[in-house]
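J.: Here's a sequence, model it:
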Amino acid sequence: MGRATFTYEETGYFLRVKLKGDIDHHSAVAIRSGMDSLLYKIRPRRLYLDLSGVDFMDSSGLGLIMGRYALMKEIGGDVVVCDPCPGVDRVIKLAGLDKLVRIERSKTDAAGQDKPRSRRVRKEVLK
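T.: Next up, the predicted model:
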């Protein structure tokens with residue numbers, strides 16, 4: 001799928017990070033760095049990781065989610081994983097991450113009250 005990118009939306013106490021591309025060892029390093037900078041700067045109460053643009057994720061992707069879970073706990077927040085494709089969802093469940101983070105799907109959570117609305121959108125291109 002090419003190089004990994006992410007965009008983010010910040011609204012009040014929420015941060016939504018939309019990932020696009022394959023999450024493997026190479027892309028996870030750059031994504032982790034960019035996301036951690038955002039998390040320390042914004043310090044949201046909830047991080048939404050939108051995985052709808054991710055078709056492949058290996059153990060580095062699991063580490064990316066687990067690390068952001070630990071960081072969010074450290075700053076007093078939580079993590080919600082949104083719209084993983086079936087293959088990524090299977091990897092998350094096999095690893096047991098669905099016990100740590102909530103999984104949301106647009107079809108069932110479209111009316112969710114605490115989903116952020118876009119206020120600021122920026123795109124980060126990771127090489």
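
J.: What's the local residue count around residue 42?
T.: 15 (other Cβ atoms under 10 Å). In short, each C-beta sits where N, CA and C put it, glycine included.

J.: for residue 103, same thing?
T.: That count, for residue 103 with other Cβ under 10 Å as the rule, works out to 16.

J.: Show me what the helix or strand in which it is found packs onto, helices and strands only.
T.: Using DSSP states H and E, residue 103 maps to strand 102-104. Counting contacts by 3 or more Cβ pairs under 8 Å, 6 or more residues apart in numbering; DSSP states H and E, strand 102-104 packs against strand 78-82.

J.: buried stuff in the strand it packs on?
T.: Neighbour counts over strand 78-82 (16 or more other Cβ atoms under 10 Å) mark 79-82 as buried.

J.: Please name the strands paired to the strand holding residue 103 in the sheet, noting orientation.
T.: Take DSSP bridges as the rule and strand 102-104 pairs in its sheet with strand 78-82 (parallel).

J.: now the strand it pairs with, how far from the chain's geometric center?
T.: Computed by Cα atoms, centre = their mean, to the nearest Å, the chain-centroid distance of strand 78-82 equals 7 Å.
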